[in-house]
Every structure is written in C-alpha cells, then in structure tokens.
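Chemist: model this:
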Amino acid sequence: MKVSRTLLAGSLIGLLLALLILVTWALFWPASVCSDPTCSRKRFDLFVELDAFRGVESIPLEVDTESGPASAVSILRSGGIGLHVQTDDEHLPYSPVSGPLDRADLYQYALTWRNLAPPSRVDGQIYALVAPSIVSDRGEPLFGIMFDSAGREGIAIAPLQTVRTFERTEPDSIPVLQLRTFVHELLHALNRRHADAVQMPDGRLTLEAPTRCLMQRDGHDWRLSERPLLALSPGTIRFFQTAAPRDVLPGGTNTPFSGVDGSATECDDARSSRYEDHLSTRWALARRRLLALFGIASAHAQAPQDASDADPLVALRVQAQEAAYPLAYPIAIRVTAKNLSERPLPIKNRLTPAYGLVHIEHRVAGEKNWRPFRPLAWFETANDEDAMLAPGEQSEQTSSIYFGDDGWTFPEPGTYEIRARLTANEDRIEAVSNVVSIRVDAPESDAERAALELLLDDAGMLDARIGRWLIFGGRIGELETQPDIAAAIEQYSDTALGSALRLTLASQRLRPPIDPLTGERPLPDLSAVRALLDDMCTDSGLAALKHEMLMRFAHELPASLTRDLLSPQQAWDGLTRDGTPVPTYSDPTLTRLSLSFHFCPNDTTLAAELHRVARHLARTLARTKPERIMLVGHTDAIGTCRLNDELGLLRAEALQRIFVDAGIASERIQAVSLGERRPLRFSSSDEARALNRRVEILIARDTADELPSPDEVERVMPQCPSF
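Modeler: The predicted model follows:
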C-alpha cells in the first residue's frame, strides 16, 4: 500500500512537471512559424539615413493613437526588424520654381547626398528623402515612391501631399498618415507588396495597403473611411521571421522587388482577406499551441474562394512593331485594356508596369518560362479618382520596356516574345494578353554600327549604366560619357537607332536635370526640343511616347509644340482623311492579305504592272464581298512626319479608287495612313526603303478563308528609275 501511494505521488509529480514543461514550452519556446507580434523574434537590423528638404518639416517617427504610442521602430520591431533611423541633412536645397520632383530628380539627390556610413552591426540600409512634392512620370501627385527599386535602397515620401489631401477633413490624422506612408514605403523596400495587406478583426487594413484604400470622397474633399491601423499583416510578420535574408533585406545583390504581383482591385482584395486569428497576449499564443498539440485546430482564418469558374474582368492586348528592331533601340509597346465587368476598375492610364497592375513578361522565343519585366520605380498614386475605367470603356498606354531592374530586356540579337498579365479582381483572376514577337537585329551599315558603339561596354555588351541613363530620359548625371552619347545621337540621327534616341535628348532639354547642390533646374531649351522632335516618328511607339511627354507639360509649352501631335491611338492605328484614328493592325476582326503593293519614291500612283495586279485582286474581292476592307498606306523615313502621313494616305486612296472601279461598294473600304511609323525594316538602305513604301490590305477575318493564301507574303514591287 505504501509503495502504491509512493508510485501515485511520483506519477502526480511527474505529470505536474510534464505540464509545467509543456506550459513553459507553449509560453516561451520560439515559434517555428510565427505570424504574430507575440511570438516574433528579432532577425535583422535595418539602418535608414533620413534627409529632408529645406522648408519641409520632417515626419513624426512616433505618434499617439487610440491604443497608445506607435512608432516606426515599434511597428517594425513587431515583425522582428530592428530599425535605426538617423536624420542627417534637414536642409537639402530646393527651389519651388523647379517644380515637383520625379524619380530622376530623386535619384540625382540620392547620388549626391547619401553619405552616412551605417553602424557596423547592421544587415541592410535604406536612403529616405522627405520631399516637398513627388509626381509620377505622368505628373500625378504621389504620397510616396520607391525610386530606386534596383536594390530596394531608395524611398521618398511627400508629407505635404498628405496635408493637402486631408487638412480640411482629417487634420488630427495627418501625423499618423505621414508615419503610415513612411513605414509603408519601408515595407516596399523590405519586399512587401500591396497584396500582402489584410483586414484585421476590427475591420481595418494593415500597413501594406496603400493609403488610397482608406479614402473616400466627401464633396470636393477626401475623408478617411477608417482610422489608420499602424500594424503589420500576419503574412508580413511570417515573411520577416522565415524568409531568406536576401529576400527581405535591400541591396543590389539581393532579390528584386516582388511588387509585380499587384492587382487592379487591390483595395477590395485586401478587404476580402480577413484575418481573425490575431493573438493579443503571450498566453493566447500558448493556448493556441496547446490546442493544436491536442488536435484542436483553429478555424478562424478565412479560406480563399474558388475562382476557377469565373471569367476575367479585363480584356488585355499588346502590340509592337512587326519589323526587327535595331539592337539597343528604345522599344515601346502598346497595352490596351477593356473593362468587361459591371463596375469601374482603377486601371485607366495605369497600364505601364510602374503602377504594379499590368505586368509585362518576356522570354526568348522557344523558352518555356516567362520572366517579369521590372521597372526602375514604383508609383504610389494619391487616389484612384481619375483612374476609374467605366464598364465597357477601353484605355491604352504606351510603355518603354527596353530597360528595367534586370538591365537590358533584349540584350542581344534574336527573337523574343512578350505578353501582358493583369490580376483583375479579388479572386485573383488573371487576364493574360496575346503573345507578340519582338525581333532584334544586329546593325547592318557602318553608320548603324557607329551609332551602337557608344552604347556598349568594354566587353562589347550593352552598357547597363547607359541603359539606366536613357530610361531616365538623360536626366541623371552619373554617366561620364553623356556628352559623347549625345553627340553620337545627333551625328547618326539618320539611322533608326540615332533618330529614336533623340527622344532622350528631347526629354533632357524639356525638363533639364535638377542641380542637387542648389535645387535649381535650368530653364527648358524649347528651340532644341522643337528641332529634336519636329521629324521624330520613327515608329508608332516613339510617336506615342512623344505625345505623352509633351502633353505632361502642355500647360507650360507654346501651342506650336503640341498643335500637330498625334494621339497614341493615331500613332498606332493610323489616320483617315479627316484625322480620325481607326483600328487597323490592332483590330482582331481584321486579317492582313498576303499581298502588298509597293511604290517608287514620292509616287502616289501604282506603276502600270502593279495596276494590273491590283485590278485582278479587286475583281476577286468584289466576288467574295468582304464586309470591310482597310487599305493602309506606308512610306519610308525620308521627309517630314506630316508629309509622310499625307503621302501614305494618297497611296491608300489610289488603291481605293481601283477597288471602287471594280465594283466594291465605297462604304466598305477605308483608306488610312501610318506614314513611316510601321516599317517593315528599320534600315536606311535602298532595299529597306523600297519595302517600306507600300499599301497593305486588311479584310474582315470571316471572309479571308475564301481567298487564296500563299505560304509567303507576295510583295508586288515596281521598277523604279535610278538617280
């Protein structure tokens, strides 16, 4: 009996010890997968050098909230990031007459003023600017920006934009919102995206969500739809606790920014991602561990919805040139999006990759995997008001894709493929565009080789520093060879590459680089801009970019610079006699006949031998009776843009008369001109020019099967006199 009592006492003591060990483990053992501040452990130390401009008060790094004090340090510490902010220069030079700062300006200041050495025991560093005002490439005001996404090492915020937005309706919330913007941009630098935001149990969004998700219209003003929550999402905490250092920390050799996975409905997405499993105390964490140990799992987190049967809400298309681009050519593509849903979507004029909604992907032809194109900056727009695309409405933008975070997109001659992808709703349904081939050729002539030579590095490869200088519009000053490159562009402007690169020089003359030592921006050289752009329409993409660049500053420019601009749609689709743009090669209901008619220099009538072929084709078309016939006139690059538009139209109208005489109803035929903007070859050789002087025929796709379809395009060439 005594032995039994001893065994029982020993068992009870053992059980109590086991329970004590179990509770101790539940309370204090570090979590292997932690998504809550109560279990996070410190993993990294981050150093931030903070500079502010003269006349701009620095942001508050600690504020009072309804739940107590909150600071940038405490917020990041809740995820396991130790933050060390050191304010350096608070009087960076800036003149208001220099205008708002864009990504090129911020990059200039970073090159000049970033000078603090981080403490020895720091894992990563970021340079942060508190700026008077920040704008996107389109001139939209921004709350903040990650202007150097190459290494995720440069951010800027505009606290005065927060003041301008909320001073009438939410003055007491301004300090909290300014701190929120600062931490939000820091999270981007730590590789967190808008898609990582969730709605917490109290209905508020976490810090990963952009500020515009917290805003609603109140008459002419903006008001907050909820009190800002200064908290990280559980997913961000888990990422900081478990991800590899190179995926979290900024640095040129670390993982690029993953923001390519943005969504066109990211605010709704965040609110549909509700998180109910927040742990307020260490005991709550211990309780969940013990329940899980005994097989009682938590079911609070919402499961994602199955969207497999849903349809995309957006129709997405891309367009590029058919001709092979010269190596190092500033390739720009057209992206169009049509809203197929029954509600507005915030994607109007946000179709370039810098907004993180539409993602361009590329690969070498024949490869299986797609690679994302990563822009050099990411824009945080202040609101969505002007970006709402109505149901049934279509928007388009032209986007430069030749250089990004990963360097030159098309670094050597060959055939590539591109497509666009857009996440269109809260169920993560993707709209994927058509696939377009991009061909890149090596230079053919001595002049073309000379134009390319200064864009190469010592190893004979395309120079990444020059690519960065070009994509920033020639407005960053770190390149020693700038004068030589500018001189070469001018010298070889008769080549396609040299002519296209004049857009960079025009951008530089129109908005000269700011001097980061004085804050002054030189006055624009409008006469130089006019001379550079007067005859620059080498291809549709550049003509569209020319329009976007000048229209951004239209209120500051003389009417003579903007009067005859082609709209992006006119640049890509061509012009009728009254100047109306009509979809041509972008129209999916049209297909091109494998027969083109070519012209001698400056001619607008078909040579006799071509006239006979044209009449025979016209009789064939008269029998098949296609609903639509589009005649598209083209020219070579000799002459001015305006004259070539007229010349291409006269050529299309010459073929139109032949078709009408053959009995085709005139209302079924449209004649348009693309001038020199859609060449078959970019070369300046006589052979290339002869190919480019042509009329091509597009007909309704449903009647194309009734016509003969040879394996190769038949180009009917005239015998031109030699001079």
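
Chemist: what pLDDT, on average, does stretch 558-570 get?
Modeler: Computed over stretch 558-570, the mean pLDDT rounds to 87.

Chemist: check contacts around Gly451.
Modeler: For the record, residue 451 is Ala, not Gly. Listed by CB atoms under 8 Å, 6 or more residues apart in numbering, the contact set of Ala451 reads Pro443, Ala488, Ile489, Tyr492, Thr495, Leu497, Gly498. Just so you know, the C-beta spots here come from the backbone N, C-alpha and C atoms, and that holds for glycine as well.

Chemist: for Tyr127, see how far away the first one is.
Modeler: Noted for Pro443: a distance of 39 Å to Tyr127, by CB to CB, to the nearest Å.

Chemist: before we move on, the earlier item: pick out the most distant pair among the contacts of Ala451.
Modeler: Farthest apart among those by CB to CB are Pro443 and Ile489. That separation is 14.8 Å.

Chemist: tell me which of those two has more neighbours.
Modeler: Shown here are Pro443 and Ile489; by other CB atoms under 10 Å, Ile489 has more neighbours (25 against 20).

Chemist: tell me the SS of that one?
Modeler: At Ile489 the chain is in helix, as set by DSSP: H, G, I helix; E, B strand; the rest coil.

Chemist: what of Leu129?
Modeler: The assignment at Leu129 comes out as strand when based on three-state DSSP.

Chemist: for Val613, same thing?
Modeler: State at Val613, reduced to three classes by three-state DSSP: helix.

Chemist: Leu106 is in contact with Pro516, correct?
Modeler: No: because the distance of 9.6 Å does not satisfy CB atoms under 8 Å, Pro516 is recorded as not touching Leu106.

Chemist: look at those two and report which has more neighbours.
Modeler: Ranked by neighbour count (other CB under 10 Å), Pro516 and Leu106 place Leu106 first, with 25 against 20.

Chemist: wasn't that one part of a helix?
Modeler: Yes: Leu106 sits within a helix when classified using three-state DSSP.

Chemist: tell me the pLDDT of the closest residue to it other than its chain neighbours.
Modeler: In space, not counting the residues next to it along the chain, Leu106 is nearest to Phe147; the distance is 4.3 Å by CB to CB, 6 or more residues apart in numbering. The predicted local confidence for Phe147 comes out at a pLDDT of 83.

Chemist: now Phe147: how far from Leu111?
Modeler: 11 Å.

Chemist: same thing with Pro413?
Modeler: Relative to Leu111, Pro413 is positioned 33 Å away (CB to CB).

Chemist: ok, now Leu316?
Modeler: Computed with CB to CB, the distance linking Leu316 and Leu111 is 37 Å.

Chemist: which of those two has more neighbours?
Modeler: Between Leu316 and Leu111, counted using other CB under 10 Å, Leu316 has the larger neighbour count: 22 against 14.

Chemist: for Ala365, see how far away the more buried one is.
Modeler: To Ala365, Leu316 is 21 Å away according to CB to CB.

Chemist: that older thread, just to be sure, the residue nearest to Leu106 is in a strand?
Modeler: Yes: in this structure, Phe147 lies within a strand as judged by three-state DSSP.

Chemist: which residues touch it?
Modeler: Neighbouring residues of Phe147 by CB under 8 Å, 6+ apart: Arg103, Leu106, Tyr107, Ala110, Gly154, Ile155, Ala156, Ala377.

Chemist: again, 6 Å this time
Modeler: With contact set as CB atoms under 6 Å, 6 or more residues apart in numbering, Phe147 has these partners: Arg103, Leu106, Tyr107, Gly154, Ala156, Ala377.

Chemist: closest one of the residues you listed to Ala324?
Modeler: Of all these, Ala377 has the smallest distance to Ala324: 29.4 Å, by CB to CB.

Chemist: break this structure down into its structural domains.
Modeler: Per the record, the chain has its domains at 44-276, 311-373+383-442, 445-566, 590-716, by automatic domain parsing.

Chemist: nearest spatial neighbour of Met717, chain-adjacent residues omitted?
Modeler: Nearest one to Met717, counting by CB to CB, 6+ apart, is His598 at 4.9 Å.

Chemist: how about Ala315?
Modeler: Closest residue in space to Ala315, ignoring its immediate chain neighbours: Lys338 at 4.3 Å, by CB to CB, 6+ apart.

Chemist: helix, strand, or coil at the one you found?
Modeler: The three-state label for Lys338, taken from three-state DSSP, comes out as strand.

Chemist: show me where the stretch 501-650 of the chain has helices.
Modeler: In order along the chain, the stretch 501-650 of the chain carries the following helices (DSSP state H, counting those that start in this stretch): 526-533, 540-552, 559-562, 568-573, 608-624, 641-661.

Chemist: for the stretch 351-500 of the chain, same thing?
Modeler: Listed in chain order, the helices of the stretch 351-500 of the chain (DSSP H, counting those that start in this stretch) span residues 446-453, 464-471, 482-491, 496-510.
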